[in-house]
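Colleague: When you get a sec, could you give me coordinates for this:
(one chain, ligands or ions: 1)
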Amino acid sequence: MTETETETETTKLRLNVPWFESPFFERELERSNLDDHAKEQVAFFAEHGYLILRPEIPEFERLADEITTALAAEHATVNRVQDAWRYVPAVRELATRPEILTVLENLYGRRPVPFQTLNFARGTQQRTHSDLVHFNSLPQRFMAGVWFALEDVGPQNGALHYYPGSHRLAVYEPHDLGLRGSSVRSRNTDYRQYEDFLVRLIDDLGLAKETVRMRRGEAMIWSANLLHGGERIEDPDSTRRSQVTHCYFEGCRYYTPLYSDPPLGDYDWTRRRHHHRSGAAPRLQRRARPPAGEGQGPVRGRGPAEGERDRAAAVPAGQAEAHQPLRASARYRARTLRAMAIASFAPMARYTAASSAALRPE
Ligand SMILES: O=C(O)CCC(=O)C(=O)O
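Modeller: Coordinates of the predicted model:
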């Protein structure tokens, strides 16, 4: 077989998984038209399952301060505020910054669909988990978390921990553990069984845990299946303001594995389709490219090499098509996106377009 024929075969065999999880990934990465910096980021993410970066967001200080002020009253009583993007413009803006969406699109080869934010005032001390038990997609694994430090984070206030490379493990859902997600009465008990299972798995496989110190303004992107959690808080009086944005990717269906039994055909599909049903779905939205000089900041620590790059060229035109796993017609794509992604998550897309210019009408 000639080289061209082999390439054609590889293209035909493009799998319905994020491209960094494909057995053809190295070849596809080589052939992609991403710039060198983006290639290094994707290669690092493929191997380790996360990236730590300092996005160059000129308004970051203002956004972080506005978020802290806007949520002060709620945070006086609860640590975890979900979906503040609906009523705090700064949360929405940070969740949809083009500097982050561009990286996500490079990593997954599809446009990201941010759908949920969580704002914490203090460390969470969450036990180790994979986000795929909470949010999964068909095709699988098209989900990522973006975690922003709104203040310096270290052992004193509950650092993040994670197991590099664990994103490559199998996806474990309740039915894999003999639990019945779709009929479970005591979610907490069953969720504890899932967490206990992961402790045993990590121990058995000898996975090595890492914790990370982060500076205000730095972000960590993790692949959905990366095992991660929150470390113990050493100083009980400390704050640890942070914002997590959970993102799906275009062209998928989304479900909650914790409440589903896929082998029985029983899926708890993500709802919020009322905008679509009522005919009020907005037009298809598309994110803008970052303005020149406002792209991705250098990756710290074990990430790709540091240094200045041509940020503006982060996503060359046509790149999404170049390694998009679903090779569908434009009509199919438009219909799928409208029906699944945008309709399901219409509010975020609409507010985003108005507030941060991260997305713009097609
Ligand atoms: O913020 C933390 O401590 C952990 C966050 C986390 O595990 C998550 O959002 O999935």
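Colleague: avg pLDDT for the helix or strand containing residue 103?
Modeller: Using DSSP states H and E, residue 103 sits within helix 98-108. Averaged across helix 98-108, pLDDT comes to 96.
Colleague: Output it in PDB, but only the C-alpha positions, please.
Modeller: Extracted as PDB, the C-alpha positions of helix 98-108 are listed here (Å, rounded to 0.1, in the frame of the first residue of the first chain):
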ATOM      1  CA  PRO A  98     -12.100  32.300  23.500                       C
ATOM      2  CA  GLU A  99      -8.600  31.800  24.900                       C
ATOM      3  CA  ILE A 100      -9.900  28.600  26.600                       C
ATOM      4  CA  LEU A 101     -12.400  27.600  24.000                       C
ATOM      5  CA  THR A 102      -9.700  27.600  21.300                       C
ATOM      6  CA  VAL A 103      -7.600  25.200  23.300                       C
ATOM      7  CA  LEU A 104     -10.500  22.900  24.000                       C
ATOM      8  CA  GLU A 105     -11.300  22.900  20.300                       C
ATOM      9  CA  ASN A 106      -7.700  22.000  19.500                       C
ATOM     10  CA  LEU A 107      -7.800  19.200  22.100                       C
ATOM     11  CA  TYR A 108     -11.000  17.600  21.000                       C
END
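Colleague: next one: phi and psi at the residue in the stretch 1-150 of the chain that the ligand sits nearest to?
Modeller: Proximity of the stretch 1-150 of the chain to the ligand (Cβ to the nearest ligand atom) peaks at residue 124, 3.5 Å away. Just so you know, the C-beta spots here come from the backbone N, C-alpha and C atoms, and that holds for glycine as well. Main-chain torsions, residue 124, degrees, to the nearest 10: phi -100, psi -20.
Colleague: and the closest residue to it other than its chain neighbours, how many residues sit next to it?
Modeller: Using Cβ to Cβ, 6 or more residues apart in numbering and skipping the chain neighbours, the partner closest in space to residue 124 is residue 230 (3.9 Å). Number of residues near residue 230 (other Cβ atoms under 10 Å) recorded here: 21.
Colleague: contacting residues around residue 230?
Modeller: 123-126, 158-161 (Cβ atoms under 8 Å, 6 or more residues apart in numbering).
Colleague: hmm, 7 Å instead?
Modeller: Contact analysis of residue 230 by Cβ atoms under 7 Å, 6 or more residues apart in numbering lists 123-126, 158, 160.
Colleague: How about residue 49?
Modeller: 164-167, 222-223, 226.
Colleague: Residue 88 and residue 72 touch, don't they?
Modeller: No: the pair residue 88 / residue 72 is not scored as a contact, 11.2 Å apart, by Cβ atoms under 7 Å.
Colleague: Pick out whichever of these two has more residues nearby.
Modeller: residue 88 (21 against 10).
Colleague: what does the model give that one for pLDDT?
Modeller: 97.
Colleague: OK, contacts around it?
Modeller: Residue 88 neighbours (Cβ under 7 Å, 6+ apart): 67, 70-71.
Colleague: what residues does the protein put near the ligand?
Modeller: Near the ligand, the residues belonging to the chain are 118, 120, 123-124, 126, 131, 145, 158, 160, 228-230, 242, 244 when assessed by Cβ under 6 Å from any ligand atom.
Colleague: Could you provide those residues in CSV, with additional columns for secondary structure and pLDDT?
Modeller: Listed next are the residues of the chain next to the ligand as CSV, based on DSSP: H, G, I helix; E, B strand; the rest coil; pLDDT from 0 to 100:
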residue, secondary structure, pLDDT
118, strand, 98
120, strand, 98
123, coil, 98
124, coil, 97
126, coil, 96
131, helix, 97
145, strand, 98
158, coil, 97
160, strand, 98
228, strand, 98
229, strand, 98
230, strand, 98
242, strand, 98
244, strand, 98
